[in-house]
Structures are given as structure tokens and as C-alpha cells.
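Engineer: One predicted model, sequence on top.
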Amino acid sequence: MDSTLIAIIFLVALALVFDFLNGFHDAANSIATIVATRVLSPKYAVAWAAFFNFIAFAFFGLHVAGTIGKGIVDIAQVDSYIIFGTLMGACSWNIITWYFGIPSSSSHALVGGLIGSALVKSGASALVMKGIIKTLVFIVVSPVVGMLLGLTLGVIVYNVFARYTPAKVDHLFRKGQLLSAAAYSLGHGGNDAQKTMGIIAGLLFSAGYLGKEFHVPLWIVLVCHAAIALGTMSGGWRIIKTMGNKLSKLRPVDGFCAEFGASLVLFGASAIGVPISTTHTITGAIVGVGSLRGVRAVKWGIAGRIVWAWIITIPAAALISAVCYKLAVMAF
């Protein structure tokens, strides 16, 4: 086995580690509300979310994988060193933010990692600005739309069920939240697993293993969904505490509106190939629903801390990635 093939196998394994960490880190997004409202225990909630994470491949195309694979950095510039730097930057940032319980974006950590390595290798000419700008725009768009949809669904549901007793509403939406959590987990798996698919496919294409046309083989699709599902099964409890309890106190009806609103954003983004942050989206939806009970119902200090994490994620991951790229080139 030659050294090039060994390097590729190592990097594919590292990409799957990132995918696992993505599920682990973003488990909070999928299950925080359903745990916070006590509809399911954490053990059953992660199993529920992981199942729908995995089967998401049957519902979505591979537009996001294409964006990550060739829409952020010029595919001709991609090599093993860029992929190594990218994954090290994204994995490191995920671990740092998990440790401090900060719900940052695994997606934007990956994008930042790609940008950092590519800049060190070839400068700004290696960047595909159209894809980067689209991603940056949705840093703002996804939480805002999530907030508006969560708020709108909350208003509709509150009015439709205004004459029901609180106990009846609670009973109905405990069942309804199983469906909304499933929809959100489908959206999470459909958008986030594709990012790792794009990285692996980009690596194999640059090494000549995918022929003349960039595509994502079925085996990559399946192993990426399996990795993110396993990560979700492991759960990121530090972040779940922030998302489910510290941002806003949630009832089953609130959790339903937040999850369903956020899932609509994820479905739309996956359909047009935009790698958005599931973290940003569900945070916006939780804030939207929470604000229906008054401005004080949302803990804006926690929300502000989350926003700062969003702002620094891409540059922080890019910096780590650039350093790792340079070290790898010097070492090998």
C-alpha cells in the first residue's frame, strides 16, 4: 500500500470523526427542546433523533455536498494537506465549543477550515466567492427566518388552541413534538451529513479516484449518515443544557413550534444546496417562540453569547486550519 493511499484512508477516517463530532456537538439541536419539555428522556430522545438522522439520505438530494465539495474552494486546489487542515480546524473548534457548552456551528467550522487551508496554499484565488458569500448570507438569514417561522407558528397555534385547557394542549403537543423532533432530525441529517460527504468526495476526486466527473458515491452517503447518527446517539449534554434550559423555558407546544419552524428552514436550504447552521436555525426558532411570552422570557445574555460564537467560528476555525496545514506541509 503506497503512502498516498494510506494518507487518503487516514483523511477519510478523520472526516468521519468530524461527522461523528458534528452529530455529538449538534445533538443538542435535535433533542434539546424535546428533552427540556420532558416529552422524552435523554436516552430515548437521542435514539429517536439518530434514527431520523440516518434515514435522511432517502429524502434529500446531494446539493449541499456539491457546494462543500467544489463550491467553497476551487476543486483543482484541493489536496490531502488542505483536507487535513480543514478537518483539524473544524474538529478542534467543535471540541473547544463543546467543552465550554457553546452551541456554535459545525457547518461554519468546516467552511472556515476550508478557507484557512486554501488561503495558506494559494491565496484568495483559490476561494469560490459565490459559495462563500451564499454561506455568509445565510449566517444571518437562517436564524432570522427560523425566528420568524417559530414566532408565526406560535401565534397560529396559540390562537387555534386558545380555548383548550392547558392540560389538553400539553397532552396534544407532547405527541406532536415527536413528529416535529423527527422532522427536525431529518433536516439536520439531510444538511449536515452532506458536508462531510462533500469533503470526502472532494478528496477522492482530487486524488483521481472518482473519475472525470465530481459525484458522491452511495457508500460515502451511507457511512456519513451512519457517523452523524452515532454522534447524535452519544449526545452533547453540555450544549443540550444551554439550548434546552438556559435560552428559554419551553413547554411542549413551544418545542413543537420551534422544531417545526426550524425544520422548514433546513428543508429549504438543503433543496437549494446551502450549507446552513442547524445551531443558528433552532436557536432563532427558540428565541422566536420564547418571545411570545414576553421579551423577558428569552435570556438575552445567553443569546448574545451564542451570537458571538457564530461571529468568531469561521475565522477561528480558519486560523486553526491554516496552522495545521502549514505544520503538515513542513512535516511531510
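Structural biologist: Yep, that arrived.
Engineer: For V137, give its distance to V145.
Structural biologist: 12 Å (C-beta to C-beta, to the nearest Å). Yep, even glycine has a C-beta here, placed from its N, CA and C like the rest.
Engineer: And the helix or strand where S263 lies, what's buried?
Structural biologist: Element membership for S263 (DSSP states H and E) is helix 252-272. Going by neighbour count (16 or more other C-beta atoms under 10 Å), the buried part of helix 252-272 is 252-267, 269-270.
Engineer: who's in contact with the nearest residue to K195 once chain neighbours are set aside?
Structural biologist: Of all residues not flanking K195 in the chain, I68 sits nearest, at 4.9 Å (C-beta to C-beta, 6 or more residues apart in numbering). By C-beta atoms under 8 Å, 6 or more residues apart in numbering, I68 lies in contact with 110-111, 114, 194-195, 197-199, 202, 275.
Engineer: tell me the helices in the stretch 201-332 of the chain, going along the chain?
Structural biologist: 218-234, 237-241, 252-272, 278-290, 300-331 (DSSP state H, counting those that start in this stretch).
Engineer: the inter-axis angle of the longest one versus helix 278-290?
Structural biologist: On the basis of axes from the mean of the first three to the mean of the last three C-alpha atoms, to 10 degrees, helix 300-331 is oriented at 180 degrees to helix 278-290.
Engineer: what's helix 300-331 packed up against?
Structural biologist: helix 80-99, helix 106-122, helix 278-290 (3 or more C-beta pairs under 8 Å, 6 or more residues apart in numbering; DSSP states H and E).
Engineer: residue contacts, F52?
Structural biologist: 182, 185-186, 189.
Engineer: what's the closest non-adjacent residue to it?
Structural biologist: In space, F52 is closest to S185, 3.6 Å off (C-beta to C-beta, 6+ apart).
Engineer: Give the burial count for that neighbour, as a bare number.
Structural biologist: Neighbourhood size, S185 [other C-beta atoms under 10 Å]: 32.
Engineer: Let me know the pLDDT of it.
Structural biologist: If you check S185, the pLDDT there is 87.
Engineer: In this structure it contacts N53, no?
Structural biologist: Yes - look at S185 against N53 with C-beta atoms under 8 Å: they come within range, at 5.4 Å.
Engineer: roughly how far is the helix or strand hosting A50 from the heart of the chain?
Structural biologist: Applying DSSP H and E as the criterion places A50 in helix 42-55. Offset of helix 42-55 from its chain centre (C-alpha atoms, centre = their mean, to the nearest Å): 15 Å.
Engineer: And the next helix or strand past it?
Structural biologist: Remark: after helix 42-55, the chain's next helix or strand is helix 63-70, criterion DSSP H and E.
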